[in-house]
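Student: sequence and computational prediction follow.
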Amino acid sequence: MKKDTDAFNFINGRWCGRSGRGERFETRNPATGERLESFPQSTPRDVDDAVRAARKAFDFWRKVPTTRRGEILLKSMRLLEAKKEAFARDMTREMGKILAETRGDVQEAIDTAFYYAGEGRRLFGQTTTSELPDKFAMSIRAPVGVCALITPWNFPMAIPSWKIYPALLCGNTVVLKPATATPGAAVNFVEILEAAGVPPGVVNLVHGSGATLGKRLLRHPDVNLVSFTGSSAVGAGVGEACGRTFKKCSLELGGKNAQIVMDDADLDLALEGALWGAFGTTGQRCTATSRLILHEKIFGVFLERFVEGARSLKIGDGLDPAVQMGPLVSGRQLRNVQSYVRIGLRQDGAKLLTGGKVLKQGPCRRGFFHEPTVFLGQPHMRIAREEIFGPVAVVLKARSFDEALSILNGTDYGLSGSLYTRDVNRALRAVRDMQTGITYINAPTIGAEVHLPFGGVKHTGNGHREAGAAALDIFTEWKAVYVDYSGRLQRAQIDVPKS
Ligand code: NAD
């Protein structure tokens, strides 16, 4: 990341500070408390400048051949590959994920660039027939315009890349507003796009409060589309605001995902999957395995091994290659996890099987560390229904496959579900009956690949899907085109030739 200047906003192809004499905010390493960097708290005026630049650039960018746009994406992929290790280290320092995972985060951006660069020679529409003679009909994809992209901190390069790459490839221009916990990852990413040759104004970056800048972006008359990833609570307000101003809006929101382990499952495999799904990224994934639903026949034996596995995870600074689980991203997130531990114990009456405490010793003394925590619960409890977004798993017992599925489906969310079984009939029933956007068989609830659609049902979103070909439907409008070469007026549904 640039070190020589405090100019971290990127507007109209120029790195600049905030407008006027505004406030700044700092980032700190959540594992050590070390101060990292200071960023401008951008103002609504900066948002206006960024949107103006994006609007101006749109008229030019939308006419650049898609193949050329794809080539710029490909160049950015190569630049990202060269910086992968450095960016992964920056990211671990900024938000705490272990190095293996931050490498994966950058790799996801690389894979996404590769995928959409290829789309530069596809972006297919359809040609079809007409009901009238001497008439040609087709559908094409047209860009939407200026896109406001609002992103969370848990995948600080991957999620912006899921939005920026398809948006650019389709001919849109963007204003990115990343989470205040991870502005550095966004700066690293935008620097790559600049170096790859993205023209001025096509990508713009502002930093700061979601409430202030988000509000301005959501109300701005020149913003045509809002793509938001974050909590369901904030997302509901984003959807409402977009509805009022007729903006296209895609929402990727929270989850309360579950893994079912049936009595015929490969238990070693299911155990590995459950530990990774529940405690990977310190449980801070929208797809985290927050509930573990065990068939009664394997309940005792599996639970014992799961609790043992949770207790033996090595916790510490994610830069240490031996560490398996890093800190929470912030003191706020740590307090949120603690409040759910209290809800579990006092309000729900759940049984705490391991964990439950903040870690303050040894390598964890300066950071926001929490013990991997396992509760034995019941499906109606708050800890089994609400998103916790931390290293807390709630274990539930099921007497049958039907009951397990009904528990899995019994939340307001519908992002990811997993089933471990060797029974092909059950596997295919799960594929059909899980109320989730993503279903895994014999794999954990986390681990999406970039060429498949990503998103969920119920309170997890508003029906859109990111990644893969599905994201093209967010970032384009379908346009129907008719060319009548008959030389006469032909009225659809009226002048149709009779046989
Ligand atoms: P958050 O909702 O607090 O913030 C997300 C973004 O919205 C941030 O950039 C924030 O500054 C901004 N924001 C906050 N208030 C706003 C407002 N009033 N108007 C406009 N923007 C506003 O979420 P978070 O804590 O950053 O991330 C965690 C959440 O994100 C979890 O609920 C998680 O499940 C979800 N998430 C979902 C997906 C998915 O694809 N479904 C992926 C990752 C994370």
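Tutor: Okay, I see it. Residues are numbered from 1 along each chain as shown.
Student: where does T289 fall, phi/psi-wise?
Tutor: phi -80, psi 90 (degrees, to the nearest 10).
Student: need the contact list for it.
Tutor: 257-259, 273-274, 277-278, 393, 418, 444-446 (CB atoms under 8 Å, 6 or more residues apart in numbering). Every C-beta, even on glycine, is put in place using the N, C-alpha and C of the backbone.
Student: OK, contacts around the residue nearest to it when sequence neighbours are not counted?
Tutor: Spatial nearest neighbour of T289, chain neighbours left out: G277 (3.1 Å); criterion: CB to CB, 6 or more residues apart in numbering. Going by CB under 8 Å, 6+ apart, G277 touches 257, 259, 287-289, 418, 444-446.
Student: part of a helix, is G277?
Tutor: Yes - under DSSP: H, G, I helix; E, B strand; the rest coil, G277 sits within a helix.
Student: about what we covered before: pipe the contacts of G277 into CSV and attach secondary structure and pLDDT per row.
Tutor: Below are the contacts of G277 laid out as CSV (DSSP: H, G, I helix; E, B strand; the rest coil; pLDDT from 0 to 100):
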residue, secondary structure, pLDDT
N257, strand, 98
Q259, strand, 98
T287, coil, 98
A288, coil, 98
T289, strand, 98
S418, strand, 98
P444, coil, 98
T445, coil, 98
I446, coil, 96
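Student: between those residues, which is nearest R62?
Tutor: For those, the closest approach to R62 (CB to CB) belongs to T287, at 33.9 Å.
Student: if we ignore the residues flanking it in sequence, what's nearest that closest one?
Tutor: S416 (4.1 Å).
Student: quick one: the one you found and I438 touch, right?
Tutor: Yes - counting by CB atoms under 8 Å, S416 does reach I438; the two are 4.4 Å apart.
Student: who's more crowded, these two?
Tutor: S416 (30 against 24; other CB atoms under 10 Å).
Student: now do the contacts for that one.
Tutor: Neighbours of S416 in contact, by CB under 8 Å, 6+ apart: 255, 257, 287, 436-440, 445-446, 456.
Student: how does it look with 10 Å?
Tutor: Going by CB atoms under 10 Å, 6 or more residues apart in numbering, S416 touches 255-259, 277, 285-289, 434, 436-440, 444-448, 454, 456, 460.
Student: which residues of the stretch 51-200 of the chain fall in helices?
Tutor: 66-95, 99-119, 158-169, 183-196 (DSSP state H, counting those that start in this stretch).
Student: show me which residues of stretch 116-125 are buried.
Tutor: When burial is assessed from 16 or more other CB atoms under 10 Å, stretch 116-125 yields the following buried residues: 116-117, 119-120, 123.
Student: what's the following helix or strand after whichever strand or helix holds G243?
Tutor: Using DSSP states H and E, the element containing G243 is helix 232-245. Downstream of helix 232-245, the first helix or strand assigned by DSSP H and E is strand 248-252.
Student: name the helices or strands packed onto that next one?
Tutor: Using 3 or more CB pairs under 10 Å, 6 or more residues apart in numbering; DSSP states H and E as the contact test, the elements touching strand 248-252 are strand 146-150, helix 158-169, strand 225-229, helix 232-245, helix 472-475.
Student: residue closest to the middle of this protein?
Tutor: Nearest to the mean C-alpha position of the chain, by CA atoms, centre = their mean, lies I159 at 4.8 Å.
Student: pretty sure it contacts Y165?
Tutor: No - I159 lies out of contact with Y165 (CB atoms under 10 Å); the separation is 11.3 Å.
Student: hey, what's in contact with both of those two?
Tutor: By CB under 10 Å, 6+ apart, I159 and Y165 have these common neighbours: 109, 112.
Student: secondary structure element for L489?
Tutor: Using DSSP H and E, no helix or strand contains L489.
Student: what's the most distant pair in the buried residues of stretch 116-125?
Tutor: Using CB to CB, the buried residues of stretch 116-125 span at most 11.6 Å, a distance reached by A117 and L123.
Student: any residues in contact with both of the two?
Tutor: What both A117 and L123 touch, as defined by CB under 10 Å, 6+ apart, is the set 67, 69-70, 169.
Student: the ligand: which of the residues you listed is nearest?
Tutor: Proximity of the shared contacts of A117 and L123 to the ligand (CB to the nearest ligand atom) peaks at L169, which lies at 19.6 Å.
Student: what's the neighbour count on the closest one?
Tutor: As a burial measure, L169 scores 27 neighbours (other CB under 10 Å).
Student: for whichever strand or helix holds D46, buried residues please.
Tutor: D46 belongs to helix 44-61 when elements are defined using DSSP H and E. Across helix 44-61, burial judged by 16+ other CB under 10 Å covers 44, 46-58, 61.
Student: nothing else from me, thank you.
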